[in-house]
Each structure stands twice: as C-alpha cells, then as structure tokens.
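[1] One predicted model, sequence on top.
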Amino acid sequence: MSQNYANHKRFYPLFHFFTIPITILGLGLAIYSFVAIPTIITGLIVLAFFLIAIVAVMARMFSLKAQDRAVRAEEKLRYFILAGKIFPSELGLGQTLALRFASDDEYLAVVDKAVSEKLSSDEIKKAIKNWRGDYHRI
C-alpha cells in the first residue's frame, strides 16, 4: 500500500495493542490488590508492574530517538546533495523528520517554504504533493 499523509502513522501491534494494554491492566489489578490486601507481596507486584511499564515505554523512546538521529543525519545529507549547502539551522527536529516524506523533486521547495513560513511538522507533511513513504520507521 502506498503511504500518504492520511496513512503514514504506524503502529506496531505487538507493542501498541498487546504489551501496553496488558501492562496497564496488570498494573491496575496490582494496585487494586494492594489497596484491598496491603502486604509486602502485593506491594512488590505493584512495583514489578510499574517497572515493566517503565521499561516498555523507555525501550520505545530509546528506539525512536535512535531513529530520529538517523533520519536527521539522512535529511541533512540529502539536503547537501540536492542543494550543495548546509541544512537550514532554523528547522527543528520535528520539521526535519517531516521533510523525509518529500520527494527529491519538491524537497528543496518544501524546505524553503518551511523556513520562510515557519511551518510546523504537520503543515510540512500537508504541503508535500509527491509523498515518499517511510516504510522502515516503527
């Protein structure tokens, strides 16, 4: 399926629809058990589920940060190849990440528009006419 603005957001079913809901449910039940029967064991179960939730969220954040760094480097290199100059420092990370969806044909025009009109990342995505899918990001 071709990627576009309407369908570019991705979910990883095992993480988004299984791991997170089960962890939240387990944490909620553990807290309920601790309130009903406040023992060291139920307290440790609450702590365990809390730590599992933190680990799950942190693992997701760490992988996204690594992907963000890679995409930022790719976009800076792409801009240099296409424009022959350094990527504009006025653009933030979110804006840079949004530019990855622009085709090479319109990339420089979208960058110029983003800088001159101070477009948000969502506005940049909406301004792209020839969408270039990013099928590797999770």
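    Right, received. Where do you want to start?
[2] okay, which residue is most central for this protein?
    By CA atoms, centre = their mean, the chain has its centre lying nearest to L64, at 5.5 Å.
[3] quick one: the lowest-mean-pLDDT helix or strand in the chain to chain centroid distance?
    Of all helical and strand segments in the chain, the minimum by mean pLDDT, DSSP states H and E falls on helix 13, at a mean of 84. Here helix 13 is found 15 Å from its chain centre; the criterion is CA atoms, centre = their mean, to the nearest Å.
[4] Over to K85. Which of the three states is it?
    coil (DSSP: H, G, I helix; E, B strand; the rest coil).
[5] Distance check, it against R78.
    Noted for K85: a distance of 12 Å to R78, by CB to CB, to the nearest Å. For every residue, glycine as well, the C-beta is placed using N, CA and C.
[6] So between the two, which is more surrounded?
    Neighbour totals were compared for K85 and R78, and R78 leads with 17 against 8 (other CB atoms under 10 Å).
[7] right, and the more buried one touches V110 too?
    No. With contact defined as CB atoms under 8 Å, R78 does not count as touching V110 (11.8 Å).
[8] List the buried residues in stretch 119-130.
    L119, S121, I124, K125, A127, I128 (16 or more other CB atoms under 10 Å).
[9] Mind checking which of the residues you listed are in helices?
    Judged by DSSP state H, the buried residues of stretch 119-130 include S121, I124, K125, A127 as members of helices.
[10] possible to save those residues as CSV with distance to L99 and pLDDT?
    As requested, those are exported to CSV (distance: CB to CB, whole Å; pLDDT from 0 to 100):
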residue, distance to L99, pLDDT
S121, 9, 93
I124, 6, 95
K125, 9, 92
A127, 10, 94
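[11] and of these, the nearest to S2?
    K125 (15.0 Å; CB to CB).
[12] Distance check, the closest one against A53.
    Separation of K125 from A53 (CB to CB): 31 Å.
[13] still on that earlier bit, ok, then the element right after the least confident helix or strand of the chain?
    Going down the chain from helix 13, the next helix or strand is helix 20-36, by DSSP states H and E.
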